[in-house]
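Enquirer: Let's see this in three dimensions:
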Amino acid sequence: MMRRSTDSRPRRHARPLVLTLTLTAALMPMGVGAQVFGFLDQDAVRYFRGDDTRLMSDNLTAVLDEPDDDASGDWRNPETGSYGRAVVEKAFEHQGMSCRRARISYHAGGVDDTSVADLCKVEGAWKVLRLPE
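Expert: Numbering: from 1, shown residues only. So this is what the prediction gives:
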């Protein structure tokens, strides 16, 4: 996990990314809502306002749905100043499912964060498989 912060305020200890969610064999559905991004490092996400979550979710879904194995896309909310990028790092199969590793970078409230997740398409929706170390 790469972490850059432009926030000069004293930082409280953030929960490690892996502990943010307990990912066992179950896959978690992707959809709009704060619970969807529980796997993301929470430092920048906690500053999301307005349509930030929807814009990030829509961008991630669009990037994952692209046929190119190196797809990428950016999002920006001019109302809040938040922005981010999703990049497919690799495509693979897992137990017959089409999967992709995505690097998700985002900025909100003066904080930059990046997370990586393996996501698989299950019944038409992208779901978190695991968080690679």
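Enquirer: For stretch 122-131, give the mean pLDDT please.
Expert: Averaged over stretch 122-131, pLDDT sits at 89.
Enquirer: In terms of secondary structure, what does the lengthiest helix in the chain contact?
Expert: Identified as the longest helix of the chain according to DSSP state H is helix 52-65. Contact here means 3 or more CB pairs under 8 Å, 6 or more residues apart in numbering; DSSP states H and E; on that basis helix 52-65 packs against strand 72-76, strand 83-94, strand 97-108, strand 125-130. Placement of C-beta: from N, CA and C, glycine included.
Enquirer: would you put the C-alpha positions of it in PDB?
Expert: Provided in PDB are the C-alpha atoms of helix 52-65 (Å, rounded to 0.1, in the frame of the first residue of the first chain):
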ATOM      1  CA  ASP A  52     -17.800  11.600  -4.500                       C
ATOM      2  CA  THR A  53     -18.700   8.000  -3.600                       C
ATOM      3  CA  ARG A  54     -21.000   7.600  -6.600                       C
ATOM      4  CA  LEU A  55     -18.400   9.100  -9.000                       C
ATOM      5  CA  MET A  56     -15.600   6.800  -7.700                       C
ATOM      6  CA  SER A  57     -17.900   3.800  -7.900                       C
ATOM      7  CA  ASP A  58     -19.100   4.600 -11.400                       C
ATOM      8  CA  ASN A  59     -15.500   5.200 -12.600                       C
ATOM      9  CA  LEU A  60     -14.200   1.900 -11.100                       C
ATOM     10  CA  THR A  61     -17.100  -0.100 -12.600                       C
ATOM     11  CA  ALA A  62     -16.500   1.500 -16.100                       C
ATOM     12  CA  VAL A  63     -12.800   0.800 -15.900                       C
ATOM     13  CA  LEU A  64     -13.300  -2.800 -14.800                       C
ATOM     14  CA  ASP A  65     -15.900  -3.300 -17.600                       C
END
